[in-house]
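1. Mind folding the following:
(one chain, ligands or ions: 1)
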Amino acid sequence: MDDEPSGGTGDGSTPEPDDPDPTADDDSAPAVDPHTQRAAVRDGYDGMAEAYRRERDAAEAPVVGSFLGGLSAGDRLLDAGCGQGTPVLNRLPHGVEGIGVDLSASMLDLARERTDAALVRGDLTRLPVASDAADAVTALHSVIHVPVSEHPAVFSEFARVLRPGGRLYLTAATGDDGWSGANDDWLGSGELMAWSFPGIDRTRDHLREAGFRVTDERVLDDAVADDDGGSWTHLFARLAED
Ligand SMILES: C[S@@+](CC[C@H](N)C(=O)[O-])C[C@H]1O[C@@H](n2cnc3c(N)ncnc32)[C@H](O)[C@@H]1O
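-> Residues are numbered from 1 along each chain as shown. Below is the predicted model:
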């Protein structure tokens with residue numbers, strides 16, 4: 001059974017973040033219906049939480065550590081799509097308050113074993129968090145599961161919950177082309193998983209439209225075991241001061 005990190009082709013191969021839309025040129029990829037994608041992603045992670053946790057590695061740890069190092073005691077960080085609670089909520093600096101939001105109850109159960117942060121079931125497009133409540137938001141490998149048509153709503157939620165000047169760290173595609181598709185046996189778990197993300201330029205546009213200024217970008221290899229060496233852009237942005 002394959003253990004590819006990023007589903008999409010349905011035949012066990014890995015969809016690179018900059019692969020073209022498989023619906024255009026890859027008939028083998030299960031199509032993703034945006035109306036049912038949220039439920040598919042939630043059910044998929046509920047069924048494979050432990051498998052994902054096992055496969056998640058620490059390749060991003062230095063970058064996450066550097067972002068977290070910019071926080072001070074008394075700051076509040078929201079981890080949006082916190083999953084199993086790593087690699088962010090389990091490493092919060094002393095005195096930093098954490099909030100984790102995720103669709104999947106099973107992922108939140110795993111997170112509960114690794115962090116004292118407040119953990120809430122919720123959706124990235126309707127965050128159960130007050131306006132201006134966070135100094136920083138992280139969203140590692142989570143927005144890529146939301147239908148692209150809803151990415152502007154996600155970024156506008158990030159802007160709403162962040163204080164003016166607050167910082168955002170998220171992962172996005174590496175290339176100009178996006179990808180939408182599913183893998184019906186991701187990481188050999190037997191669970192279907194779906195992804196949907198635009199090319200990096202469109203993500204930059206979405207962020208700008210939501211009031212963010214991109215301050216840094218780094219391309220890193222995928223942090224889940226990946227024979228094909230897929231990579232993602234780690235994108236850092238700051239919300240306008242008003
Ligand atoms: C690939 S895991 C990443 C988990 C963790 N952030 C990490 O970097 O390992 C994606 C997580 O995003 C969550 N997620 C996906 N779509 C979501 C949505 N619309 N609202 C909230 N959480 C979502 C999933 O349930 C899953 O736990």
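2. Do a quick rundown of the strands in this protein.
-> Remark: strands assigned in the chain by DSSP state E are 76-80, 97-102, 118-121, 134-139, 162-172, 179-183, 193-197, 212-221, 231-239.
3. okay, those strands in CSV with mean neighbour count, distance to Arg54 and mean pLDDT next?
-> Every C-beta, even on glycine, is put in place using the N, C-alpha and C of the backbone. Compiled in CSV, the strands of the chain are given as follows (neighbours: other Cβ atoms under 10 Å; distance: least, Cβ to Cβ, whole Å; pLDDT from 0 to 100):
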stretch, mean neighbour count, distance to Arg54, mean pLDDT
strand 76-80, 26, 20, 98
strand 97-102, 24, 18, 98
strand 118-121, 16, 20, 98
strand 134-139, 24, 21, 98
strand 162-172, 22, 20, 98
strand 179-183, 25, 17, 93
strand 193-197, 25, 15, 95
strand 212-221, 14, 18, 95
strand 231-239, 21, 20, 96
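4. now those in JSON lines, with distance to the ligand?
-> What follows is the strands of the chain, written out as JSON lines (distance: least, Cβ to the nearest ligand atom, whole Å):
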{"stretch": "strand 76-80", "distance to the ligand": "7"}
{"stretch": "strand 97-102", "distance to the ligand": "5"}
{"stretch": "strand 118-121", "distance to the ligand": "8"}
{"stretch": "strand 134-139", "distance to the ligand": "7"}
{"stretch": "strand 162-172", "distance to the ligand": "8"}
{"stretch": "strand 179-183", "distance to the ligand": "12"}
{"stretch": "strand 193-197", "distance to the ligand": "8"}
{"stretch": "strand 212-221", "distance to the ligand": "12"}
{"stretch": "strand 231-239", "distance to the ligand": "10"}
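5. Let me know which of those is the nearest to Gly47.
-> Set against Gly47 and scored by Cβ to Cβ, these come closest in strand 193-197, at 9.6 Å.
6. what's next to that closest one, contact-wise?
-> For strand 193-197, the external contacting residues (Cβ atoms under 8 Å, 6 or more residues apart in numbering) are 6-8, 15, 17, 32, 34, 37, 40-41, 44-45, 48, 143-148, 151, 172-173, 178-183, 186, 203.
7. Burial check on Ile200, number of neighbours?
-> By other Cβ atoms under 10 Å, 22 other residues sit near Ile200.
8. Might one say that it is in contact with Gly175?
-> Yes. Between Ile200 and Gly175 a contact is recorded at 6.6 Å, counting by Cβ atoms under 8 Å.
9. Can you spell out which residues form a bridge with the residue nearest to Ala237 when sequence neighbours are not counted?
-> With sequence-adjacent residues excluded and distances taken as Cβ to Cβ, 6 or more residues apart in numbering, Ala237 is closest to Phe212, at 4.0 Å. Counting by DSSP bridges, Phe212 is bridged to Leu239.
10. Tell me which residues touch Phe212, please.
-> 155, 158-159, 168, 237-240.
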